[in-house]
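Student: got a predicted model here, sequence first, then my questions.
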2 protein chains.
Amino acid sequence: MGDDWRERKKARTRERIQREALRLFGEQGYDDTTVAAIAAAAGVSHTTFFRYFPTKEDVVLGDDYDPLIEEALRSRPRSEGLVERVRGAVGEGLAAVYAADRDALLARVRLVLGAPALRARLWEQMQETQSLFERALADTDDPAEVPMRVRIVAAACLAVLVTALTEWSRGEGGAELPELVDDAFLQLSAELA
Amino acid sequence: MGDDWRERKKARTRERIQREALRLFGEQGYDDTTVAAIAAAAGVSHTTFFRYFPTKEDVVLGDDYDPLIEEALRSRPRSEGLVERVRGAVGEGLAAVYAADRDALLARVRLVLGAPALRARLWEQMQETQSLFERALADTDDPAEVPMRVRIVAAACLAVLVTALTEWSRGEGGAELPELVDDAFLQLSAELA
DNA sequence: GCTAACATGTTAGTGACTAACATTTCTCCG
DNA sequence: CGGAGAAATGTTAGTCACTAACATGTTAGC
């Protein structure tokens, strides 16, 4: 039971660090906020910061959307085309996240796309997401079994997704994300018909 | 005329730094090679290194392929579909580079895809290439004028290109790059027809 | 209360990168 | 030829992300 208390305390510390970090990033920008400053604001030492977040980028980039999307992807009927399956699954997963966290999500996307260091890490993270897409679409767990065709579609879909996210983050409150994403996939399909 | 000599000397120094860097990267890996070691091997100080290359990554990532592809893209007939234009232009540009530099290119691609830090920068560079693709395809110089449809296609095409490059770099000498790239574009088109 | 586990802090280091200033190396002109 | 002035290079010292070693505190369970 003491473990519970410990875990709760750690979780609170983690959240405090993240909250202060995001606040400072918003106030002075990502690059101009040092890890030392975040640690100080959260009342911990910089080593503690790194014990909770392996890198400065991880404070912003960590999320758990992947399992959600994988689940949605795997449960799509195989009768649909590959792009169609991705479009459906992403739309589904997105709707949930979007309804709950729209504003926070927008702030985060803007932060990430605005800071080169974060953008770079985003791509790296996307690579993992893509690998997950591929395995889900190819219905396997072994990356080596994924056929080229599926890899190509997965790569293209992820790229389209990022394009929609970018558009959303730049938009002046005009279009909403789920709609933008859906449109983007449709336009990709339309282009080649 | 003295300027000529100066420029030539600078060019030689630059090449010496790059050559030593690539050699060391090959021997001990990217991460385990410090800038100080590269500078020492090239017989310069580390500040001089940074005067020639703004970052360690730039030693590997700089190339001049973009203007080549832009030229090829802009001179394609507008009657073709967007993907078709990209496929043609990339194929054209690639053929030239490939014929001259195949082995060096392969080594470079392997190095980049194998080192996370380099991979991250590659995406950043790709973003610029994508912006160039978009403007060329949309026949404009103003990024704001590029329609969403073109942005989507450009993003998808770049993603497909990288997928082909990845496959090539992993391949055991099997398929050759121009062929892989061409196939990849065709498979993208086929998927949506 | 005592002790062992665990979280945190301190200190010192590495490595990429920058800025300020000193030094060398040319170039060009008188 | 020789010296003024520019351009390239070196030296030094600093910042910042991140790591490792070790010390200190804090809690858990007996």
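Tutor: Structure's in. What do you need?

Student: which parts of chain A are strands?
Tutor: Counting by DSSP state E, chain A forms no strands at all.

Student: looking at it, which helix is longest?
Tutor: The helix that spans the most residues within chain A, counting by DSSP state H, is helix A:82-114.

Student: who are the packing partners of that helix?
Tutor: Contacts defined by 3 or more Cβ pairs under 8 Å, 6 or more residues apart in numbering or on different chains; DSSP states H and E place helix A:82-114 against helix A:2-28, helix A:58-61, helix A:65-74, helix A:116-138, helix A:148-170, helix A:177-191. For every residue, glycine as well, the C-beta is placed using N, CA and C.

Student: what is the orientation angle of that helix with helix A:148-170?
Tutor: With axes from the mean of the first three to the mean of the last three Cα atoms, to 10 degrees defining the directions, helix A:82-114 sits at 40 degrees from helix A:148-170.

Student: next, format the helices and strands packed on helix A:82-114 as TSV and append mean pLDDT, mean neighbour count and distance to chain B.
Tutor: Output for the helices and strands packed on helix A:82-114, formatted as TSV (pLDDT from 0 to 100; neighbours: other Cβ atoms under 10 Å in any protein chain shown; distance: least, Cβ to the nearest Cβ, whole Å):
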stretch	mean pLDDT	mean neighbour count	distance to chain B
helix A:2-28	91	13	19
helix A:58-61	96	19	12
helix A:65-74	93	16	16
helix A:116-138	95	19	4
helix A:148-170	96	22	4
helix A:177-191	94	19	5
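
Student: looking at these, which is closest to DNA strand D?
Tutor: helix A:2-28 (2.5 Å; Cβ to the nearest atom of the strand).

Student: is there proximity between that closest one and DNA strand C?
Tutor: Yes. Using Cβ under 7 Å from any atom of the strand, we find that helix A:2-28 touches DNA strand C at A:6, A:9-10, A:13.

Student: what's the pLDDT at the most centrally placed residue in chain A?
Tutor: The residue lying closest to the centre of chain A (Cα atoms, centre = their mean) is A:Asp63, at 6.0 Å. As predicted, A:Asp63 sits at a pLDDT of 88.

Student: which phi and psi does the closest residue to A:Gly29 other than its chain neighbours have?
Tutor: Excluding the flanking residues, the one nearest A:Gly29 by Cβ to Cβ, 6 or more residues apart in numbering or on different chains is A:Ala115, at 7.5 Å. Phi and psi for A:Ala115, reported as degrees, to the nearest 10, are phi -110, psi 120.

Student: and A:Ala115, how far from chain B?
Tutor: 12 Å (Cβ to the nearest Cβ, to the nearest Å).

Student: quick one, what contacts that residue?
Tutor: A:29-31 (Cβ atoms under 8 Å, 6 or more residues apart in numbering or on different chains).

Student: picking that back up, between the residues of helix A:2-28 next to DNA strand C, which is nearest DNA strand C?
Tutor: Among the residues of helix A:2-28 next to DNA strand C, and counting by Cβ to the nearest atom of the strand, the member closest to DNA strand C is A:Thr13, at 4.5 Å.

Student: and that closest one, how far from A:Arg6?
Tutor: Shown here: A:Thr13 relative to A:Arg6, a distance of 11 Å by Cβ to Cβ, to the nearest Å.

Student: in a markdown table: the contacts of A:Ala115, plus pLDDT and neighbour count.
Tutor: Below are the contacts of A:Ala115 laid out as a markdown table (pLDDT from 0 to 100; neighbours: other Cβ atoms under 10 Å in any protein chain shown):
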| residue | pLDDT | neighbour count |
| --- | --- | --- |
| A:Gly29 | 97 | 12 |
| A:Tyr30 | 98 | 20 |
| A:Asp31 | 97 | 12 |
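
Student: with distance to B:Leu94 added, can I get the residues you listed in TSV?
Tutor: Shown next, in TSV, are those (distance: Cβ to Cβ, whole Å):
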residue	distance to B:Leu94
A:Gly29	39
A:Tyr30	36
A:Asp31	36
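
Student: now distance to DNA strand D too, for these, in CSV please.
Tutor: Below are the contacts of A:Ala115 laid out as CSV (distance: Cβ to the nearest atom of the strand, whole Å):
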residue, distance to DNA strand D
A:Gly29, 11
A:Tyr30, 9
A:Asp31, 7
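
Student: ok so, going back, B:Arg78: which of the helices and strands packed on helix A:82-114 is closest?
Tutor: helix A:177-191 (14.9 Å; Cβ to Cβ).

Student: which neighbouring elements make contact with that closest one?
Tutor: Helix A:177-191 packs on helix A:82-114, helix A:148-170, helix B:148-170, going by 3+ Cβ pairs under 8 Å, 6+ apart.

Student: quick check: angle from that helix to helix B:148-170?
Tutor: Using the same axes, to 10 degrees: helix A:177-191 against helix B:148-170 is 70 degrees.

Student: who touches helix A:177-191?
Tutor: A:83-84, A:86-87, A:90-91, A:94-95, A:98, A:102, A:105, A:156-157, A:160-161, A:163-165, A:167-168, A:171, A:175, B:81-83, B:148-149, B:152-153, B:156, B:192.

Student: go on, stretch A:149-167?
Tutor: By Cβ under 8 Å, 6+ apart, stretch A:149-167 touches A:82-83, A:86-87, A:90, A:109, A:113, A:126, A:129-130, A:133-134, A:137-138, A:175, A:177, A:180-181, A:183-185, A:188, B:148, B:151-152, B:155-156, B:158-160, B:162-163, B:167, B:184, B:187-188, B:191.
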